[in-house]
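Trainee: My questions concern the predicted model and sequence given below.
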Amino acid sequence: MSHRLPKRHRTHQLEAESVLAIQNAIPSTWVYRTPEYDYGIDGEIEIFDDEGIATGKKLLVQLKATDEKNIKKALKLRLRIESANYFDSLENPVLVVRYLSSKKKLYYRWFHSFDQYYEKVSDKSLAFNFEEKCEWDENSKDNIVTELDSYYSIVKGKNPFPISIPVYITSNSPIANNIISFVAEVNKKHKNTNLVEFSYEREKSNCPPNHLLISNNELKVVLANKTSTCLHFDSTDNIEFKDTISANFFVAVGMAIFYHGFYVEASNLIVDNLRESILKNDVRAGTAAIIGLIKSRDLKRALELSETLFNDDDGINTAQMGLIEIIRLYKIKSDEDIYLLSRFLDQISKSLIDRKITSVAAMVEYNHANKLRANNSFIKKSVKHYILAAKLDPEYRKRAYWNSELAGCLFLLRKYKSSANLYKTSLDIESNHFIKGLYADSLMMSGFYKLSLDTFHEYFDEASDKGSSCEWNLKALCLHAIVDTLGVSQQTRMLVENKLTKADYSNPDALINYIKTYDALSTLCWFNIGVSSAEKKEFRNAQIAFLLSALISESDSEAWCNAFKCAMNGDDNNILASIVECAQAKIGDSFFEYLSNNLSESNPEGSQGLDFLLLDMMNAFKKQNKQTNQIDIRLHSPDGSYEKQTTGSV
């Protein structure tokens, strides 16, 4: 029998050595913990002060051990993209520690200090390298605490201002011979802000977690050990860079602050200096400034900056992105906001048209229309801008979204036939399940009842895997009554209810005759037919009549309530649920309030139990229908294509 025994793998030995090495390296008051489950993190360090009192500060550790004896090779490391993404997602910072077994040494570096510009990234991994100055020594403890404090202040701090930033200027930088003039100019501008505190020092090899470096080819801002902004330039840029150095300086600092989530504070630094900077037409700088202004609800300055960029041919791309952010982020709270936005967009469009930049002007007009479309009070004005966009760029008429969006506006203006034609054009260009439902609805309102019903059925056939609207279900149900029961397939709707006498409103036959002759969608007629049918206990007919009245007028709480009450006398729970869902979508809590008051009058003793039932229904449908109003923004590209972006709340 062989006497061979299991052999411990070298990888496991290395892991144990590296854990022991870091446990011995950290102060005795610190605690190193090994996680129960290893998802890419090897340990956690909790920091206690010298007296053993908890500080609440924690950092995560990724250990990488090697037997490589060549130090240059040993200090080169590759991290999988999956690991890097995981580290980025963690709440606490990750310290990557390299253990060299041949020298019994540790080297460390924060993962968030990775600089994509200088270190290579491939599809599968990234190069994460250490310098010899990263060696763990007697100062590492204090350095880690200082760096961790900086990280928590910048990354997690609610108000880290003023941020102390030492400035290092190398001997070969463009301003090396004019340092005093540069400092004087920065100090002069610095009087207007208390966001940062600058100090000026000689270049050194170990810079603190926050610093700014101006060398012969870059202006780099590092916050919490992370390169937050880096402006690269070469010898040909030196003159322009030097002439605009103070503006570049503040814009770079502003962008660094912006990337750490302090949008409003950043905009103050960027906006005041952007036009004098070499970054005046930079997309990232321009959008950062505009986002900050919008976050502080300074729409006027955001629009002024956007207009300035549009007026510069070199700034049009930046201006477009800035306009996207204005439309995407700014929540209209008053008509004054809309008038201000419209005035500036009109000025921008006119400037572009005067310079014959019509394709971009068309983009401005289209997005102007789309923003106005979100407010029903400005629908008519929205139509004007949709049409102007297509006049400036006829290609819009060939786009499905332009036709369907304009169709929606015309529907709200009760131009139902024009709306139906545009929806049909949109569907001819591009099949769309949602648009088909809107097309059927516009056909119904145009008087094409049979065609509308057929289109709704096409919609339902496609809806098996896409879901269908409760409103379309109810309208199709009502259309069957108009087409199949009354025999009205098509009609030129005439709103001449003055032909009805007072007596006619209590005469169902007279009302049916009016409906068949003049308008099968008369809300007043259907409501009174519903009243008459309900009195006769013909609840099915009454339900259809009240539904038609409610669906056409949309805001009639009494019609919705009566439709619900009639449906309660039937056995179709799907219709009952559809009525509640649709009524809640159209008139909100008013439906439940009206229903509660109405049902309580007929059953006072059970009103409390009924209210709790209605409350459950309110909560259920609100949760189901909860969504933000969205509008689409489309950005013009030089090749004529358009990029679609969807906004959040408007």
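Mentor: Great, that's in hand.
Trainee: Extract the C-alpha trace of stretch 44-60 and format it as CSV.
Mentor: Extracted in CSV, the C-alpha atoms of stretch 44-60 (Å, rounded to 0.1, in the frame of the first residue of the first chain):
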residue,chain,number,x,y,z
GLU,A,44,-12.6,43.5,5.6
ILE,A,45,-10.6,45.8,7.9
GLU,A,46,-12.4,47.8,10.6
ILE,A,47,-10.5,50.7,12.0
PHE,A,48,-10.3,51.4,15.7
ASP,A,49,-8.3,54.3,17.2
ASP,A,50,-5.2,53.8,19.3
GLU,A,51,-7.4,53.5,22.4
GLY,A,52,-9.4,50.7,20.8
ILE,A,53,-12.5,52.9,20.3
ALA,A,54,-14.5,52.1,17.1
THR,A,55,-14.4,54.8,14.4
GLY,A,56,-17.1,53.3,12.1
LYS,A,57,-14.6,53.3,9.2
LYS,A,58,-14.3,50.2,7.2
LEU,A,59,-12.4,49.2,4.0
LEU,A,60,-12.5,46.0,1.9
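Trainee: in that stretch, what counts as buried?
Mentor: Using 16 or more other C-beta atoms under 10 Å as the test for burial, stretch 44-60 gives 45, 47-48, 57, 59-60. No exception for glycine: its C-beta is placed from N, CA and C like everyone else's.
Trainee: Check stretch 558-578 too.
Mentor: 559-567, 575-576, 578.
Trainee: residues in contact with it?
Mentor: 470, 473-474, 477, 523, 527, 530-531, 534, 539-540, 542-543, 546-547, 549-550, 553, 579-580, 583, 586-587, 591, 594-595, 598-599 (C-beta atoms under 8 Å, 6 or more residues apart in numbering).
Trainee: Which of these are buried? Put it as a PyMOL command.
Mentor: Selection of the buried residues among the contacts of stretch 558-578 in PyMOL, burial being defined by 16+ other C-beta under 10 Å:
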select buried, resi 470+473+474+477+523+527+530+531+534+539+542+543+546+547+549+550+553+579+580+583+586+587+591+594+595+599
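Trainee: any chance of the buried residues of stretch 558-578 in a markdown table, plus pLDDT and secondary structure?
Mentor: Listed next are those as a markdown table, based on pLDDT from 0 to 100; DSSP: H, G, I helix; E, B strand; the rest coil:
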| residue | pLDDT | secondary structure |
| --- | --- | --- |
| Ala559 | 92 | helix |
| Trp560 | 91 | helix |
| Cys561 | 89 | helix |
| Asn562 | 90 | helix |
| Ala563 | 91 | helix |
| Phe564 | 88 | helix |
| Lys565 | 88 | helix |
| Cys566 | 90 | helix |
| Ala567 | 88 | helix |
| Ile575 | 86 | helix |
| Leu576 | 82 | helix |
| Ser578 | 87 | helix |
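Trainee: between these, which is closest to Ser101?
Mentor: Ser578 (70.6 Å; C-beta to C-beta).
Trainee: From Gly530, how far out is the nearest residue to the closest one once chain neighbours are set aside?
Mentor: Take Ser578 and drop its neighbours on the chain: the residue closest to it by C-beta to C-beta, 6 or more residues apart in numbering is Cys470, 4.1 Å away. With the distance defined as C-beta to C-beta, to the nearest Å, Cys470 ends up 20 Å from Gly530.
Trainee: Equivalent analysis for Ile214, please.
Mentor: 79 Å.
Trainee: In this structure, where is pLDDT below threshold?
Mentor: Applying pLDDT under 70 to the chain flags residues 1-8, 38, 157, 235-238, 464-468, 599-614, 616-650.
Trainee: can you map out the helices along the stretch 301-450 of the chain?
Mentor: Using DSSP state H, counting those that start in this stretch, the helices found in the stretch 301-450 of the chain span residues 316-329, 335-354, 358-373, 379-392, 400-412, 416-429, 433-446, 449-462.
Trainee: Could you do the stretch 151-300 of the chain as well?
Mentor: Under DSSP H, counting those that start in this stretch, the stretch 151-300 of the chain gives helices at 179-190, 238-243, 245-259, 263-271, 283-295, 299-310.
Trainee: Tabulate those (JSON lines), appending distance to Asp137.
Mentor: Converted to JSON lines, those look like this (distance: least, C-beta to C-beta, whole Å):
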{"stretch": "helix 179-190", "distance to Asp137": "32"}
{"stretch": "helix 238-243", "distance to Asp137": "37"}
{"stretch": "helix 245-259", "distance to Asp137": "29"}
{"stretch": "helix 263-271", "distance to Asp137": "36"}
{"stretch": "helix 283-295", "distance to Asp137": "38"}
{"stretch": "helix 299-310", "distance to Asp137": "49"}
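Trainee: Go through those helices and name the closest to Ile429.
Mentor: helix 299-310 (29.9 Å).
Trainee: Can you pull out the residues in contact with that closest one?
Mentor: Here helix 299-310 has contacts from 271, 274-275, 281, 286, 289-290, 293-294, 315-316, 318-319, 322-323, 326, 330, 337, 340-341, 344-345, 347-348, 351-352, 360, 364, using C-beta under 8 Å, 6+ apart.
Trainee: List only buried entries from these.
Mentor: Applying 16+ other C-beta under 10 Å to those flags 271, 274, 281, 286, 289-290, 293-294, 315-316, 318-319, 322-323, 326, 330, 341, 344-345, 348, 352, 360, 364 as buried.
Trainee: tally of neighbours for Glu497?
Mentor: 15 (other C-beta atoms under 10 Å).
Trainee: typo on my end, it should be Tyr117
Mentor: 10.
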